[in-house]
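> Compute the structure for the input listed below.
(chains A and B)
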Amino acid sequence: MNQININITKKSLALIFSIVLLASCNKIYEPVVPAVVYSPGDVTNTIAKKIAATSTYSIFTAALNRTGLFSVLDQANASFTVFAPNDAAFTASGLSLAVVNAMPLAQLTAAIQHHIIPNEKLSAALIASTVPNTEKKSALNITTVAFVASIPTTAIPIKMSVFPSKRATGAWLNNIPIAATDVITGSNGVVHTMAAVVAPPTRVLWDTLSRDPEYAYFVAAVQRGDSGYIATSSSNLQNAALSQPFASLTVFAPTNLAFQTLLTGAITQALVAQGMPLATAQATATALASSPTVFSNPALYPVLTAQLVRGIVVYHIMGQRYFSVNFSSTAANYPTLLNGAIPTHPGLSIFSTLSSNFGVALSVKGAANATAASATPVNNFVDRPAVNGNLFKINQVLMPQ
Amino acid sequence: MMKKLSGLILMLTACLLPYISFAQSVTIRGNVKNSGSKESIPAVSVSIKGTSYGVFTDENGDFSLNISAFPTTLIISSVGYESKEVTVSNASTFLQVDLKVTSTLGQEVVVSATRVATKILESPVSIERISAVSIQSSPAASYYDVINNFKGVDMMASSLTFKTVTTRGFLGSGNVRFNQIVDGMDNQAPGLNFSVGSVIGLSELDVDNMELLPGASSALYGPGGMNGTLLITSKSPFKYQGLSLQVKQGVMHTDRQFRDVSPYFNWNIRWAEKITDRLAFKITAEFVQAKDWLAADYRNYDKATGNLIAGDRITNADYNGINIYGDEIGRDIRPIINNFAGIPGYAALIATLPAKMPVSRTGYSEKELIDPNTVNVKLGGSINYKITNNIEAILSGFWGAGNTVYTGSDRYSLLDLKMGQYKFELNSKNWMLRAYTTQENSGNSYNLTATTSYFNEAWKPTQQWLPEYVASYLNSRLSLGMNDQQAHITARAFADQGRPVAGTTSFRSLFDFIKGVPIGKPQSGAPLGGGRFLDKTNLYVAEGQYNLTHLMKGFAEMIVGGNYKKYVLNSQGTLFADSTGTIGINELGAFVQIGKELFNERVKLTVSGRFDKNQNFKGRFTPRATALIRMSKNSNLRLSYQSAYRFPSTQMQWINLFVGGDYLLIGGHKNFRSYYGLNSNPVYAVVNDVATSTVVTVGDLKPESVNSFELGYKALVFGDKLLIDVYTYYGEYKDFLTRRLVMQNPSTIKKKFSIPLNSTTKVKTYGFGFSLDYRLANNFLVGANFSSDDLTDVPAGYQASFNTPKYRTNIKFANTGFGKEKRFGFNIVYRWMDTYKFESDFINGIVPAIHTLDAQVSYKIPSTKSVFKVGANNLLNQYYVQGPGNPAIGGLYYVSFAYNVF
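Numbering: from 1, shown residues only, chains lettered A, B, ... in the order given. Purely as a prediction, here's the structure:
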């Protein structure tokens, strides 16, 4: 009997053992936490870290740290193109480390954001070399907001446009040369070195023009040309183009003197044709043209018709944004808004002159002008960037015919 | 209705009282002991030979019996012991009877196979039986789990206390193809449509036996038993007397994988007294409390198809985790994004985005929402009165309440669910009359998906959340340069600003508010309503049975019976289309069964037929024929043909409920067709949430039916030590009740419905099983069973929800007494089930193979009638899951103390 017991015990142990082996392999679902696949990406090779590790970017790095933009550029699951001025560029633009550290934070943040294109890794090979320029949106918000019908409560900020461009002779962001392209390629973007700081514009074209008394005649001419088009009309140049922050234009604004010269001549000619003696006509014309109100003088309406004035004004505006660096170095024709009405019109003949890849001179000639006008530089450079376009101050009124 | 019922009972009792006779008699006393161990044996039948009059021994093995004449012969018998006849000649001697233990293999008596008591070896259909003794020796923590050890049985655990059992396929929580009958009462919750056996039923100490009939059985037990019927019978207070109690203290989550280590409480008490030879009563109570198994399946799935898909909350903005709720609500954000195209700088990005960008709300996990704490209280009792020696009146009631979690077409938290079953029964040798009612009250139960979705709407409406999400997404991409995934994560964090953090007071108060708001009943603070259902559906049944055999003059056995059922649907519009008042459903049924012995009792034929009529459906006849061929004394071959069917459940008939994905779940009653104009304004079939051009014609629902053939063999061999049972079956299902998604006005308002219909597909099931139980020397017992179920002829793309492993096995090794004075016992059960495909209204997926090992060791102290037990369910703590969305079930370890448990 004992023998049987032992046998049974042995057998039962063997059975239990084999059962234990079998039972130790249940499978259940994975995962056991709701989300496990999250990967922050390649965080060690972000452009933020690489910029910080580059000694010639010390001022830019300081600015990134001060503005908190370092953490944005340190986000690995993102993409950026950064046009980073190096220390030499900051200094050349008059911005030492001390100045940068002393700048109001909002102003510094805006300036740095203006050098960043989010959501794109725009290496040199990807920068377009064709005209018109490719418009990109920088990280900088302009003060205007938009509203979306489906989200009436949420204001959507509008981004400041920037224009990277490339030619055989170099590459630019807006009018500022890129000193070296593809300096850094990180896990989340690409960095180019700028030759100077690309200061963000703060005003729209109309604001710039109307604040500067030097353009009083041009402003008056625009308003005369807009007569007949109500403010909300899409043909109203002042409101639908020059004041419109979404617009992107190039404006050649003649000085007051240029208008006075043109108008005096034109009115004199008209008075003489009516039989007025030349001297009297000259004196009368000079008096009439001495003020921008010449465009709103009803007596002159038959001469300065709205259509005529508008025709001249639109000949001074290009529908795309060109910087001096984007024009040909030898005279070439470029269309203006006038081509909207007269498609076959030859447009303007323009060429620019660069020095160290900065635009230092620009020549522009209207089809009916005897000579070319030249752009007046400011701080050695001819470009006057605005939020919604680029402005050149020129010394002649451009005549289409 | 309760008042009416009790009135009826009083009247019946009053009528019968005058017939009670009080004969002159003397009382004899005695005691029954086990001849080997000298322990007294309770619940032994002591009856006067030649009469039906008898008593049972009490908890001390004592009995007293009134005898009117001497000498008289007493028959003393009990399952597991050899019967003994004792002749008594005077009343003065104290009668000491010793009974000898005998093998019980195949000797148990079953009732449910033919509605008359039959030896299990001679049952004409497959049947399994488990007695109170087997429950006591099983390692299972709850008696209900013991059913899982029968061959061919599958049991799905939606939670610790919510178990659903089936045989021959079609497993799923709330199985409507398997009847469960407790003391003659159908215990399917009449409104919620799941059987509540494991939640609200008998207390463990009150279970006399469980009998399981696998396969079609509605010919005997009425519509519903398509796949099988489980009958649980409670202990009579005449037979089992005295105070019994059992305390089980356990521990769960020992590895802290899903929850912290937590205790398990299972306390049982039963008190029964025989006041006189004619009057007895019992009171039972059970209390279970535990931190439930946690459903933590966070895989992603497609709500439209129920299929698992790749991705998680990080990688997929439209992530919809299985046990994460609230994330079922999602929308395509692309149309909103398109509105941004006019803003300078946006068009270029928008052009690169995909055509569809679905985004789901952020959900909450089941753990965060309910942290399921299972509480289960069962109360029961009965008063039994023997009107004559042959007629017993029983007034009994079972009431249960508890918190548990249930998996249906969604996960439901059953909170303060209450259900009571109350019965009055008159039982005679030849006839039975019974009236009972099931009173259901869903308490504070709520749908997790609906509640959490409305909770999200309450703290931030999706109409506001989505635009915030979109604005942040676009800003993250355009201003912050983020890639798509990072922008989605950032946008979610932005839109989720103000999201109540799970566990905080603000979360709790809002969630508790929404879960208390009834479904479809908007109120201030809950503009879309909440997740609570207010189900108080009741069932009233009257039934009777008469055994005419004694009138047949030995020609044949004959039983007739009939029943009347009335459902009263009452959900106040939160579940059924009953917002204007309760809905009644009446059902009538009758059956007849004739049995005849042929060829010198070598063959017994039984033929039965049953007719049922539901007011919403055509009448239905189901036949059954069985044959038992006695090949030798303990070796029988059985053959049967059975048909079964079920009427569409009360929900299939009358449900009217919005579920995730904007679908309105409707019933099949013809009123729905006209109300929603389903045929006048045609509905179109939907595939992957998109309407097709196929018009679906909605017709009348028919009952679902199955025809089944079975061949079996049962024998006791090797000196009555080995019990063999083998079966094979074939079944053909038709008019499968299923659901289909349709869309009305797909081009305009897109009204979506889930409509019930009968599938025209006929599917066939077949399978086999065998079991071997071998009684070794020294009380060792070894047993093994193996079974298989399979489904064929399933057309491609058809969702049959068979949900059954092709193969499964149980291996048991036990000893009922060893060591010093044979006081020790042990039991080891190993169970394996094959991998299978799980399909349901909620989710589809593959269930990997499951292995479990249960074991217990017990020690009894006869002098104090106590038993100590140490046991484990899932001893190796190998978590397993019985279907996607269901909890991971781990090890439960317990020690128990039982006093006076028979």
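> Centre of the chain to stretch A:265-276, how far?
Here stretch A:265-276 shows a centroid-to-chain-centroid distance of 45 Å under the convention C-alpha atoms, centre = their mean, to the nearest Å.
> do the same with stretch A:250-266
28 Å.
> Using CSV, write out every CA atom in it.
Listed next in CSV are the C-alpha coordinates belonging to stretch A:250-266 (Å, rounded to 0.1, in the frame of the first residue of the first chain):
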residue,chain,number,x,y,z
THR,A,250,7.4,96.9,-55.3
VAL,A,251,6.9,100.7,-55.4
PHE,A,252,9.0,103.3,-57.1
ALA,A,253,8.0,106.5,-55.4
PRO,A,254,9.1,109.7,-57.1
THR,A,255,10.1,112.6,-54.9
ASN,A,256,8.0,115.7,-54.7
LEU,A,257,10.6,117.6,-56.8
ALA,A,258,10.2,115.1,-59.6
PHE,A,259,6.4,115.6,-59.6
GLN,A,260,6.8,119.4,-59.4
THR,A,261,9.1,119.4,-62.4
LEU,A,262,6.9,117.2,-64.4
LEU,A,263,3.7,119.0,-63.5
THR,A,264,5.1,122.5,-64.1
GLY,A,265,6.1,121.5,-67.6
ALA,A,266,2.9,119.7,-68.4
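> Name the residues of it that are buried.
Residues of stretch A:250-266 classed as buried: A:250-256, A:258-264, A:266 (neighbour count, 16 or more other C-beta atoms under 10 Å in any protein chain shown). Heads up, the C-betas are built off the backbone N, CA and C, glycines and all.
> Just give the number of residues close to the residue in the stretch 1-150 of chain A that chain B sits nearest to.
Nearest residue of the stretch 1-150 of chain A to chain B, counting by C-beta to the nearest C-beta: A:Pro118, 3.2 Å away. By the criterion of other C-beta atoms under 10 Å in any protein chain shown, A:Pro118 has 27 neighbours.
> That one: what's it in contact with?
Counting by C-beta atoms under 8 Å, 6 or more residues apart in numbering or on different chains, A:Pro118 makes contact with A:78-80, A:137-139, B:477-481.
> now do B:Gln653
Contacts of B:Gln653 by C-beta under 8 Å, 6+ apart are B:585, B:616, B:667-669, B:701.
> The same query, at a cut-off of 10 Å, please.
B:567, B:569, B:576-577, B:583, B:585, B:614, B:616-617, B:647, B:667-669, B:671-672, B:701, B:756 (C-beta atoms under 10 Å, 6 or more residues apart in numbering or on different chains).
> can you check B:Ile48 too?
B:54-55, B:65-69, B:72-75, B:88, B:389.
> tell me the mean pLDDT for stretch A:356-370?
For stretch A:356-370, mean pLDDT is 94.
> Check the offset of that stretch from the chain's centre.
21 Å.
> List the buried residues of that stretch.
Quick answer for stretch A:356-370 (16+ other C-beta under 10 Å): A:357-359, A:361-367, A:369.
> Would you mind giving those as CSV with distance to B:Leu353 and secondary structure added?
Putting the buried residues of stretch A:356-370 into CSV (distance: C-beta to C-beta, whole Å; DSSP: H, G, I helix; E, B strand; the rest coil) gives the following:
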residue, distance to B:Leu353, secondary structure
A:Asn357, 37, coil
A:Phe358, 39, strand
A:Gly359, 38, strand
A:Ala361, 45, strand
A:Leu362, 41, strand
A:Ser363, 45, strand
A:Val364, 42, strand
A:Lys365, 46, strand
A:Gly366, 45, coil
A:Ala367, 45, coil
A:Asn369, 49, coil
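> Nearest to chain B among these?
Once C-beta to the nearest C-beta is applied, the member of those that ends up nearest chain B is A:Gly359, at 25.4 Å.
> And A:Ser96, how far from B:Gly380?
As judged by C-beta to C-beta, to the nearest Å, A:Ser96 and B:Gly380 stand 90 Å apart.
> give me every residue that touches B:Asp793.
Neighbours of B:Asp793 in contact, by C-beta under 10 Å, 6+ apart: B:732-733, B:761-765, B:800.
> That should have said B:Gly609, apologies.
Here B:Gly609 is in contact with B:219, B:590-594, B:621-625, B:643 (C-beta under 10 Å, 6+ apart).
> for the stretch 401-550 of chain B, what spans make up the helices?
B:448-459, B:462-478, B:484-495, B:505-516 (DSSP state H, counting those that start in this stretch).
> element containing B:Leu213, please.
strand B:207-214 (DSSP states H and E).
> Tell me which helix or strand comes right after that strand, heading toward the C-terminus.
helix B:218-221.
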